[in-house]
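Visitor: Just the structure for this:
(chains A and B)
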Number of protein chains: 2
Amino acid sequence: MNNFTYWNPTKIIFGRDILKNLGEEMALRGISRVLLVLYGEDFIFESGIYHRVTSSLEKANIAWEELRGIRPNPLLGKVREGIRLFREEKLEALVPLGGGSVYDTAKAIAAGVAYAPGDVWDLFEGTAPVPEKTPPLFGVLTTSATGTEMNCSAVITNEEKNLKWALEDEALYPAVSMVDPSLQSTVPPRQTARGAIDTIAHTLEAYFDGTRGVQLMQEYGESLVRSALRNGKILLEDPENYDARAELAWTSTLALNGSTYAGKSTGDWASHEIAHSLGALYDVPHATGLAVVMPAWMRYVCPEHPDLFARFAEKVFGISEGTEEERGMAGIEALKKAFLELGEPVALNDLGLGKEDIPGIVKNCFAQRKEPFGRLKPLYPEDVQALLELALA
Amino acid sequence: MNNFTYWNPTKIIFGRDILKNLGEEMALRGISRVLLVLYGEDFIFESGIYHRVTSSLEKANIAWEELRGIRPNPLLGKVREGIRLFREEKLEALVPLGGGSVYDTAKAIAAGVAYAPGDVWDLFEGTAPVPEKTPPLFGVLTTSATGTEMNCSAVITNEEKNLKWALEDEALYPAVSMVDPSLQSTVPPRQTARGAIDTIAHTLEAYFDGTRGVQLMQEYGESLVRSALRNGKILLEDPENYDARAELAWTSTLALNGSTYAGKSTGDWASHEIAHSLGALYDVPHATGLAVVMPAWMRYVCPEHPDLFARFAEKVFGISEGTEEERGMAGIEALKKAFLELGEPVALNDLGLGKEDIPGIVKNCFAQRKEPFGRLKPLYPEDVQALLELALA
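Guide: The predicted model follows:
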């Protein structure tokens, strides 16, 4: 078991009918002026979520400005717009209202506001540190997927440079995140399925990090994957199933709140790196990119670590026949099948991409690095090329 | 899945060779005068732990006073002594150095210092709230058992009134807890075994709360019980096994840091209440009391909730034959056997107590309450009498 530090100060308020307390949570901390950061579709308004949140703010005498139109693969331009607005209006806290893209935008705004007058992208490039004191987030999560509601990282796309990069800093943990699973039954089924896939991918980045001998944590990872598959499948048939919705939501939070890393490492993350390049270049949704890349990565790496993949196949899919490698490969096929059943493509071809596009993706992966990436197997450009070829069809 | 709030701000620093950073963690927060709260046996000095901690304090220019001689089932008198010392010396933080009893004493001192000039027992009686700001704890855990290192409760025995009561308040989360599993290989094997039992009991108080339909959390509970049994057994044979020591330590923290309650309830806790009475009346060690009481409680309750106990029997002990109730009862027998193998008695007779002592224990349980206690089955005096009779032999 490796040494580790675990610290996660986010307060999660989880369940039905909780949004009415949002204003009070802020008022308790002396906050009176906030920036609402809103998802760019009518859903937020039509579902009544916007109304519930603003009513709660009014009741607590909290004034607000709004930054609207955040979209998946959120853009740096919106972050900069938010930073300007936050400063001009002398606001005190951020209220992201939506899923991962909205939360990540709010986190980047918080970091950028504190870093004034420097430009926020410096922080992503690592040429300056995130200041210790950033304005707090009080978020309302409407889609469970990225785990952003209880972690300190934000992924933003720099549309000028075609880069999708992550910023991670302890100052960016949300102060409070509200998760009402019942609000998520109105999100499109496709988005629910993508949330389940994202959750599985996050779990597996920690699970397949190569650390051996921490059985408790491997069992934990397996239970998270089983839960995401089980509840994702239930919700495709029965989107109103509250218990499945709630279990998937909490699974999604746990999959990336740091708890899966205890005694292991900070994860592999190679699949995410490659999926980010697909997002930056072709605007492929995050979970779709993961559904394509992760099984290919697993197939590429399995022969070198068959014990890890055989265990996964057995504990998640009950596969127990064949050599370790055969079992491992069968587990990967079962996972691909599960992704397909959840409605996501698992091949580059299905995204309209072919072999001729792979060198460009590889190039993007190495745009700002000379070192290989990934922990279980450090990937060089030729590795990324080879594994993306496995993802073609 | 029930509504819940999850918030746990304790920073855990876990692993080998970490104590040298303790002083720095405090200096970073501007602290320069602290109270060391020390376990009452030579082990702390002989093992070199005291030396390592004080060296780290010296290096960070932190001055300290000491409160020595804390023992299992820690006493209110020591808490009051600590409060006086803390005030007189104008100290700023507490450094518990030991296991649950030392941590709980430090937490009670923190609460009492903040509550000055009132008497700290008022807080246990609930006649006054714990003030919001309490001096912070920077602890070093030398025995994993109670989970106190990452929760906000403290159990103290009032030796004048023969009461062993718990105080729980968000202000009492330790700021930092250091857990170096390698330090625990010098604690007596019996204490390790008791830690495993305590961990199992904590897990089961959440597991058997009667909430159904949260499969993820049931699987989590089962993985914690399996880990405590597996690693407890390994350590009896091989106390120096670092991985087993580390896995048991982290299991113990997780078993009572709030993570097992998500979507469930605040737990049953009837077995703990009764074990606390055994501690208050006969100074029975906490884990020993639990090893006697919990299986008896399970037997008493199983016939009304056979599905819960059958699942436990299957997932933890692989028992799959018979009716639900038969499987449940077989699982309880398997758990008793495991406790015996860990070296703890599972019967009141083995503690030198007989049927004639039961009414006194029942009376102590209801000393300050008129209501029944426990969630899965609310227990009245006649229930406690009946289940303790099951625990006799």
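Visitor: Surely residue A:166 is within a strand?
Guide: Yes: the assignment for residue A:166 by DSSP: H, G, I helix; E, B strand; the rest coil puts it in a strand.
Visitor: Counting neighbours, what do you get for the closest residue to it other than its chain neighbours?
Guide: Of all residues beyond its chain neighbours, the one nearest residue A:166 is residue A:155 (4.7 Å), with distances taken as CB to CB, 6 or more residues apart in numbering or on different chains. For the C-beta atoms, the positions are set from N, CA and C on the backbone; glycine is no exception. Residue A:155 has 23 neighbours, counted by other CB atoms under 10 Å in any protein chain shown.
Visitor: same for the helix or strand where residue A:155 lies, what does it pack against?
Guide: Secondary-structure assignment from DSSP states H and E places residue A:155 in strand A:153-158. Secondary-structure packing of strand A:153-158 (3 or more CB pairs under 8 Å, 6 or more residues apart in numbering or on different chains; DSSP states H and E): helix A:76-88, helix A:100-114, helix A:121-125, strand A:163-168, helix A:270-282.
Visitor: deepest of these, which one?
Guide: For the helices and strands packed on strand A:153-158, average neighbour numbers computed from mean count of other CB atoms under 10 Å in any protein chain shown are highest in helix A:100-114, which has a mean of 28.
Visitor: can you tell me which helix or strand whatever residue of the stretch 151-300 of chain A ends up closest to chain B belongs to?
Guide: Of all residues in the stretch 151-300 of chain A, the one sitting closest to chain B is residue A:246 (3.8 Å; CB to the nearest CB). Of the helices and strands defined by DSSP H and E, residue A:246 is found in helix A:242-255.
Visitor: now the angle from that helix to helix A:100-114?
Guide: What separates the directions of helix A:242-255 and helix A:100-114 is an angle of 40 degrees, with axes from the mean of the first three to the mean of the last three CA atoms, to 10 degrees.
Visitor: CA atoms only for helix A:242-255, dumped as CSV, please.
Guide: Taking Å, rounded to 0.1, in the frame of the first residue of the first chain, the C-alpha atoms of helix A:242-255 are listed here in CSV:
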residue,chain,number,x,y,z
TYR,A,242,-35.3,7.2,-8.2
ASP,A,243,-33.2,4.6,-6.4
ALA,A,244,-31.2,3.7,-9.5
ARG,A,245,-30.8,7.4,-10.3
ALA,A,246,-29.6,8.1,-6.8
GLU,A,247,-27.2,5.1,-6.7
LEU,A,248,-25.7,6.1,-10.1
ALA,A,249,-25.3,9.7,-8.9
TRP,A,250,-23.5,8.7,-5.7
THR,A,251,-21.4,6.2,-7.6
SER,A,252,-20.4,8.9,-10.0
THR,A,253,-19.3,11.2,-7.2
LEU,A,254,-17.3,8.5,-5.4
ALA,A,255,-15.6,7.5,-8.7
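Visitor: could you say what helices and strands it packs with?
Guide: Counting contacts by 3+ CB pairs under 8 Å, 6+ apart, helix A:242-255 is packed against strand A:4-14, strand A:176-179, helix A:189-207, helix A:215-237, helix B:215-237.
Visitor: so residue A:72 sits in a strand?
Guide: No: with three-state DSSP as the criterion, residue A:72 is coil rather than part of a strand.
Visitor: Need the pLDDT of the nearest residue to it once chain neighbours are set aside.
Guide: In this structure, residue A:72 finds its nearest non-sequential neighbour in residue A:101, 5.2 Å apart by CB to CB, 6+ apart. What the model reports for residue A:101 is a pLDDT of 93.
Visitor: Which strand or helix spans the residue of chain A positioned farthest from its centre?
Guide: With distances taken from the mean C-alpha point of chain A and given as CA atoms, centre = their mean, the most distant residue is residue A:322, at 34.4 Å. Assigned by DSSP H and E, residue A:322 belongs to no helix or strand.
Visitor: That one and residue A:314 touch, don't they?
Guide: No: the pair residue A:322 and residue A:314 fails to qualify as a contact (CB atoms under 8 Å) at a distance of 10.9 Å.
Visitor: How is the residue nearest the centre of chain A assigned, secondary-structure-wise?
Guide: Among the residues of chain A, the smallest C-alpha distance to the mean C-alpha position (CA atoms, centre = their mean) belongs to residue A:146, namely 2.3 Å. Here residue A:146 is coil, with the state taken from three-state DSSP.
Visitor: Is it correct that the residue nearest to residue A:72 is in contact with residue A:73?
Guide: Yes: taking CB under 8 Å as the contact criterion, residue A:101 and residue A:73 are neighbours in contact, 7.0 Å apart.
Visitor: residues in contact with residue A:226?
Guide: The contact partners of residue A:226, taken as CB atoms under 8 Å, 6 or more residues apart in numbering or on different chains, are A:315-316, B:219.
Visitor: measure it to residue A:367 for me?
Guide: When distance is defined by CB to CB, to the nearest Å, residue A:226 is 37 Å away from residue A:367.
Visitor: what does residue A:119 give?
Guide: When distance is defined by CB to CB, residue A:119 is 19 Å away from residue A:367.
Visitor: Double-check residue A:301 against residue A:378; I have them as touching.
Guide: No: contact status for residue A:301 versus residue A:378: not in contact, 10.8 Å apart, counting by CB under 8 Å.
Visitor: Which one's more surrounded, the two?
Guide: Set residue A:301 next to residue A:378 and count neighbours by other CB under 10 Å: residue A:301 wins out with 25 against 12.
Visitor: how about the residues of the stretch 201-350 of chain A that lie near chain B?
Guide: Within the stretch 201-350 of chain A, the positions adjacent to chain B are A:213-216, A:219-220, A:223-224, A:226-227, A:230, A:242-243, A:246-247, A:250-251, A:259, A:262-263 by CB under 8 Å from any CB of the partner chain.
Visitor: before we move on, what about the stretch 1-150 of chain A?
Guide: Contact residues of the stretch 1-150 of chain A with respect to chain B, defined by CB under 8 Å from any CB, are listed as A:1-16, A:18.
Visitor: Please pick the buried ones from these.
Guide: A:1-2, A:4, A:6-15, A:18 (16 or more other CB atoms under 10 Å in any protein chain shown).
Visitor: what's the closest of those residues to residue B:61?
Guide: residue A:7 (24.5 Å; CB to CB).
Visitor: list the contacts for the closest one?
Guide: Taking CB under 8 Å, 6+ apart as the contact definition, residue A:7 lies against A:170, A:258, B:9-12.
Visitor: again, but for residue A:59
Guide: Residues in contact with residue A:59, defined by CB under 8 Å, 6+ apart, are A:20, A:23-24.
Visitor: how about 7 Å then?
Guide: With contacts taken as CB atoms under 7 Å, 6 or more residues apart in numbering or on different chains, residue A:59 has the following neighbours: residue A:23.
Visitor: Repeat that for residue A:328.
Guide: When contacts are taken as CB under 7 Å, 6+ apart, residue A:328 is in contact with A:302, A:306, A:309-310, A:313.
Visitor: Now render these as TSV, adding pLDDT and neighbour count.
Guide: Converted to TSV, those look like this (pLDDT from 0 to 100; neighbours: other CB atoms under 10 Å in any protein chain shown):
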residue	pLDDT	neighbour count
A:302	98	23
A:306	97	18
A:309	98	24
A:310	98	23
A:313	98	27
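Visitor: Which of these fall within helices?
Guide: Under the assignment DSSP state H, the contacts of residue A:328 contribute A:306, A:309-310, A:313 to helices.
Visitor: Mind putting those residues into JSON lines with distance to residue B:334?
Guide: JSON lines is the format used below for the ones in helices among the contacts of residue A:328 (distance: CB to CB, whole Å):
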{"residue": "A:306", "distance to residue B:334": "33"}
{"residue": "A:309", "distance to residue B:334": "32"}
{"residue": "A:310", "distance to residue B:334": "28"}
{"residue": "A:313", "distance to residue B:334": "29"}
